[in-house]
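> Got a predicted structure plus its sequence, pasted below:
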Amino acid sequence: MINGVHAIVFSPDAAKVRDFFKDVLRLPSVDAGGGWLIFALPPAELAVHPAEGDGHHELYLMCDDIHATLAELRGKGVEVARDVADQGWGLVAAIRLPDGSEFPIYEPRHPSPLQP
């Protein structure tokens with residue numbers, strides 16, 4: 001049976017992005033060998049949306065209070081790449097990773113299987 005999800009972030013500057021997840025986001029990790037960090041993630045959920053044409057996959061960080069989270073990250077020197085936008089199902093923004101790519105983050109406003 002499925003017991004988890006392994007997500008991968010591909011980056012042209014993987015070492016800097018790993019350091020960002022470790023030092024800025026403070027995600028717990030283990031070294032799988034040779035500096036390849038595997039990060040623990042908080043509980044996750046999976047949604048399936050309809051797509052026109054080929055499907056694709058997206059990965060978002062989730063938070064309880066997007067404004068407070070972005071303020072904390074800005075205080076750590078993180079650039080906010082996209083300001084908060086209300087999408088109805090949640091408040092969405094994006095932060096800039098050290099390799100220049102954007103990583104979306106959102107505060108959900110939909111029911112979640114993680115909520116008691």
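Okay, I see it.

> Can I get the longest helix seen in the chain as CSV, trimmed to CA atoms?
For the chain, the longest helix by residue count, based on DSSP state H, is helix 66-75. The C-alpha coordinates for helix 66-75 follow below in CSV (Å, rounded to 0.1, in the frame of the first residue of the first chain):
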residue,chain,number,x,y,z
ILE,A,66,0.6,33.1,4.0
HIS,A,67,1.1,36.8,5.0
ALA,A,68,3.0,35.8,8.2
THR,A,69,4.9,33.1,6.4
LEU,A,70,6.1,35.5,3.7
ALA,A,71,7.0,38.1,6.2
GLU,A,72,9.1,35.6,8.1
LEU,A,73,10.8,34.4,4.9
ARG,A,74,11.5,38.0,3.8
GLY,A,75,13.1,38.5,7.2
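
> Averaged pLDDT, that helix. What do you get?
For helix 66-75, the mean per-residue pLDDT is 97.

> do the same with stretch 9-28
Across stretch 9-28, pLDDT averages out at 95.

> Ok, stretch 100-107 next?
Averaged across stretch 100-107, the pLDDT comes to 95.

> Buried by neighbour count: which residues of it qualify?
By neighbour count on 16 or more other Cβ atoms under 10 Å, the buried set for stretch 100-107 is 101, 103, 105-107. Backbone N, C-alpha and C define where each C-beta goes, glycine included.
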